[in-house]
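# sequence below, structure please.
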Amino acid sequence: MFYFCLSRIMVLCFLSRTMHLARYSSRLLGRQLCSSSANKPVLTLFTKKPCPLCDEAKEVLEPYKRRFILQEVDITLPENSAWYDKYKYDIPVFHLNGKFLMKHRVDIQKFEDQLSKLELHNDGNH
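Here you go, the predicted structure:
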């Protein structure tokens, strides 16, 4: 009985230590991911399902995807009703770092210009 209790205690200690290491590792990984993506501009796509123009726009932006974080907002969800009222006839609509950028189709020149400006600004702040 003594050995059984001792082995259970050892297993519990091992599991506790393993969980602590796992939590520490995930926090560290999270911090690294956040710091590497913290400087990337956020491109918000206001969309709904289905949206063939939105799908087409995402394909056009595919070559740039490592340079920004894409955030999709489904305007048909109840919590997004204000965006629905504003953009129901205009999707896809894009905001870059919270500011209106373009609608209907991707203006690649405008996108590249604004993205480059943000990247230069972010690089200058380091």
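# output the lowest mean pLDDT helix or strand found in the protein.
Least confident helix or strand of the chain, by mean pLDDT, DSSP states H and E, is helix 2-37 with a mean of 51.
# domain assignment for this protein?
Using automatic domain parsing, the domain ranges for the chain come out as 1-38, 39-124.
# hey, least reliable of those by pLDDT?
Comparing mean pLDDT across these, the lowest value falls on domain 1-38: a mean of 52.
# so what's residue 53 closest to, chain neighbours aside?
Spatial nearest neighbour of residue 53, chain neighbours left out: residue 92 (5.5 Å); criterion: CB to CB, 6 or more residues apart in numbering. In this view, the C-beta of every residue, glycine as well, is placed from N, C-alpha and C.
# need the contact list for the one you found.
45, 46, 47, 51, 53, 54, 57, 103, 104, 105 (CB atoms under 8 Å, 6 or more residues apart in numbering).
# try 10 Å
Each residue near residue 92 by CB atoms under 10 Å, 6 or more residues apart in numbering is listed here: 45-48, 51-58, 72, 102-106.
# how much space between it and residue 120?
Separation of residue 92 from residue 120 (CB to CB, to the nearest Å): 26 Å.
# ditto for residue 50
Taking CB to CB, one finds residue 50 at 37 Å from residue 120.
# residue 120: which element?
Here residue 120, judged by DSSP states H and E, is contained in helix 108-124.
# so what does that helix touch, helix or strand wise?
strand 42-47, helix 52-61, strand 93-96, strand 99-103 (3 or more CB pairs under 10 Å, 6 or more residues apart in numbering; DSSP states H and E).
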